[in-house]
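Peer 1: give me a model of this one.
(one chain, ligands or ions: 1)
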Amino acid sequence: MIGRMRDVIVAANWKMHTTPADAGDLARTIGARTRVPGVVRVICPPFVCLAAVRDALAEDDPGVGVGAQNVHHELQGAYTGEVSAPMLAGLATWVIVGHSERRRDAGETDEIIARKLTRAFDAGLRPILCVGEQLAEREAGDQEDVVDRQLRGALAGHPSDVVRSTGLVIAYEPVWAIGTGRNASGRDAAAMTDAIRASLEGVGHSQADADATPVLYGGSVTSANIGEFLAEPSIDGALVGGASLKPDEMAGIVARAGVTAAARGMVERSAAERGAGE
Ligand code: PGA
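Peer 2: Purely as a prediction, here's the structure:
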């Protein structure tokens, strides 16, 4: 049986970089240098830069998605400094949930992350759910158990039809590879994406849904190593941090993703969809 095709996605996580004064120009430059058929592009700037990035892309590159890097798990209330899902309406259509830097620095638990997913689903934001093990956990051979626990916790109580309809994306990001210049091997990352899809079935998703869920790799991705990940049929793109601030790097990463998109038949599909919509 041929399953539903998965998007090939390159998502930029700008973390705590850029300002409202310069984010629009950077987004425009990256947009212009990454117009590659069949690749879904997303830029996730800091909250305060969302409007600038949205406006810059709306003019030149409406095809680039705009994402937030986080969302609060409550709808509103006395949460100083936080941003809720309804506040993101009109600013973002994607959201990163459960990034390891937030698990580390903001004490986000799987239970909180599950509630953030609820907010994202309810607001129609497409979530990129991050999972991944610490170095000690990998050295102990526990990486699949850790990621399984994270997925079970985050997806607890979310019906599979809701998850499917919002197009959940999962990013496998081994914590030891983030911002360290020490990326996982393509083969290890592919083994983890297989484990992630098995976990999705373990939490009650059908095999077809698990197969249709895009899984990205993240952790020191560059234009030089992206090919190693995209050569793996189970990996559908990348969540890129440091390199995503560099237009040359993004151009190289998305160009390579375009090769994969073409090989997987995504280019014909997006052309056909465009034709059907005209
Ligand atoms: P990195 O970050 O590419 O700088 O390692 C990836 C991420 O944190 O999403």
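
Peer 1: gap between whatever residue of the chain ends up closest to the ligand and Arg197?
Peer 2: Closest to the ligand within the chain is Gly241: 2.2 Å, counting by CB to the nearest ligand atom. For every residue, glycine as well, the C-beta is placed using N, CA and C. Computed as CB to CB, to the nearest Å, the Gly241 to Arg197 distance reads 24 Å.

Peer 1: and Asn183, by the same measure?
Peer 2: Looking at Asn183 against Arg197, where the rule is CB to CB, the gap reads 21 Å.

Peer 1: with Ser84 instead?
Peer 2: If you measure Ser84 against Arg197 using CB to CB, the figure is 31 Å.

Peer 1: so for these two, which sits in the more crowded spot?
Peer 2: Here Ser84 and Arg197 are set side by side on neighbour count (other CB atoms under 10 Å), and the busier one is Arg197, at 20 against 17.

Peer 1: so the more buried one touches Asp209, yeah?
Peer 2: No. Counting by CB atoms under 8 Å, Arg197 does not reach Asp209; the two are 9.4 Å apart.

Peer 1: quick one: Arg41 is in a strand?
Peer 2: Yes. Note on Arg41: a strand contains this position according to DSSP: H, G, I helix; E, B strand; the rest coil.

Peer 1: mind listing the residues bridging to it?
Peer 2: Assessed by DSSP bridges, Arg41 has beta-bridge partners Val10.

Peer 1: go ahead and confirm it touches Val66.
Peer 2: No. The pair formed by Arg41 and Val66 falls short of the contact definition of CB under 8 Å, at 10.2 Å.

Peer 1: can you show me the strands along the stretch 101-250 of the chain?
Peer 2: Secondary structure of the stretch 101-250 of the chain (DSSP state E, counting those that start in this stretch): strands at 126-131, 169-172, 215-218, 237-240.

Peer 1: now those as CSV including mean neighbour count and mean pLDDT?
Peer 2: Putting these into CSV (neighbours: other CB atoms under 10 Å; pLDDT from 0 to 100) gives the following:
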stretch, mean neighbour count, mean pLDDT
strand 126-131, 25, 98
strand 169-172, 27, 98
strand 215-218, 28, 98
strand 237-240, 29, 98
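
Peer 1: adding distance to Ile96, write those out as TSV.
Peer 2: As requested, the strands of the stretch 101-250 of the chain are exported to TSV (distance: least, CB to CB, whole Å):
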stretch	distance to Ile96
strand 126-131	5
strand 169-172	8
strand 215-218	10
strand 237-240	8
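
Peer 1: tell me the residues of the stretch 1-150 of the chain that contact the ligand?
Peer 2: By the criterion of CB under 6 Å from any ligand atom, the positions of the stretch 1-150 of the chain lying close to the ligand are Asn13.

Peer 1: how about low-confidence regions in the stretch 1-150 of the chain?
Peer 2: Within the stretch 1-150 of the chain, the stretches falling below the threshold (pLDDT under 70) are 1-4.

Peer 1: mind listing the helices for it?
Peer 2: Listed from the start of the chain, the stretch 1-150 of the chain has helices (DSSP state H, counting those that start in this stretch) covering 23-33, 50-60, 100-105, 110-123, 135-139, 143-155.
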